[in-house]
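> here are the coordinates; sequence isn't available:
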């Protein structure tokens, strides 16, 4: 009588637990608890292997990952039924869930160095030569980056020399530093490109 009550209570507990887990699909790393009321010697906890399988006595290897506990119970029942006079009462529950892997630490992306371009400033500036600058630099900014104009600079006759990459021909644009509104002058905010040459001539005697 006592054994019957014990079995009944275990049955109720396991059934309730199984009902709560009915919709859950087992995955690799989970631990399953398998109970057989007719043969307690087979009761055990099994780990779902990385390939999604479990191994159980008298059944062998069977797939568990991606299946519900009800589906696993049904497979075990069908496999073990020939060993018993009547259909065994088998209960499967998820004992432990697979551990959640720790998130990978975020590695800060190495900032890419800015794309640079080369221009040249020659003549009457305080620091003539090649400038390695960020794209978008203007004519006035290039003159400032070269230390500004010297007192001998022909401010009205500054030239921007640009070579056409296809024809290889050079085009000369005039820039009047003293009068930006000069209709024959390009603007001071003209954006320079790779290989552009800014030439600041020397002022003439009475210029």
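Looks like it came in fine. Computed from a predicted structure; not experimentally measured.

> Quick check: the gap between the nearest residue to residue 160 once chain neighbours are set aside and residue 116.
Residue nearest to residue 160 in three dimensions, not counting chain neighbours: residue 173, with 4.3 Å by CB to CB, 6 or more residues apart in numbering. Glycine gets a C-beta too; all of them are placed from N, C-alpha and C. Using CB to CB, to the nearest Å, residue 173 is found at 23 Å from residue 116.

> neighbour count winner among the two?
For residue 173 versus residue 116, neighbours defined as other CB atoms under 10 Å are more numerous around residue 173 (16 against 11).

> Give me the pLDDT value at residue 9.
Note on residue 9: pLDDT of 49.

> Show me what counts as buried in stretch 120-130.
Going by neighbour count (16 or more other CB atoms under 10 Å), the buried part of stretch 120-130 is 120, 121, 122, 123, 124, 125, 128.

> Nearest to residue 162 among these?
residue 120 (11.2 Å; CB to CB).

> Let me know whether the closest one touches residue 132 as I believe.
No. If you go by CB atoms under 8 Å, residue 120 and residue 132 don't touch, sitting 10.7 Å apart.

> Give the helix, strand or coil label for residue 81.
Classification of residue 81 by DSSP: H, G, I helix; E, B strand; the rest coil places it in helix.

> residue ranges with poor pLDDT in this protein?
Within the chain, the segments meeting pLDDT under 70 span 1-22.

> which stretches of it form strands?
Along the chain, counting by DSSP state E, strands occupy 31-36, 44-47, 53-56, 60-63, 90-96, 117-123, 129-133, 158-163, 170-175, 197-200.

> Direction included, what does the second one pair up with?
Read that as strand 44-47. Applying DSSP bridges, strand 44-47 is found paired with strand 31-36 (antiparallel).

> got it, and the third one?
Strand partners for strand 53-56, identified by DSSP bridges, are recorded as strand 60-63 (antiparallel).

> so what's the residue nearest to residue 160 up against?
Shown in contact with residue 173 (CB atoms under 8 Å, 6 or more residues apart in numbering): 159, 160, 161, 162, 186, 190.

> Could you rerun that using 7 Å?
By CB atoms under 7 Å, 6 or more residues apart in numbering, the contact list for residue 173 reads 159, 160, 186.

> Make JSON lines out of the strands of the chain and add distance to residue 70.
Putting those into JSON lines (distance: least, CB to CB, whole Å) gives the following:
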{"stretch": "strand 31-36", "distance to residue 70": "13"}
{"stretch": "strand 44-47", "distance to residue 70": "17"}
{"stretch": "strand 53-56", "distance to residue 70": "15"}
{"stretch": "strand 60-63", "distance to residue 70": "14"}
{"stretch": "strand 90-96", "distance to residue 70": "8"}
{"stretch": "strand 117-123", "distance to residue 70": "68"}
{"stretch": "strand 129-133", "distance to residue 70": "70"}
{"stretch": "strand 158-163", "distance to residue 70": "78"}
{"stretch": "strand 170-175", "distance to residue 70": "81"}
{"stretch": "strand 197-200", "distance to residue 70": "81"}
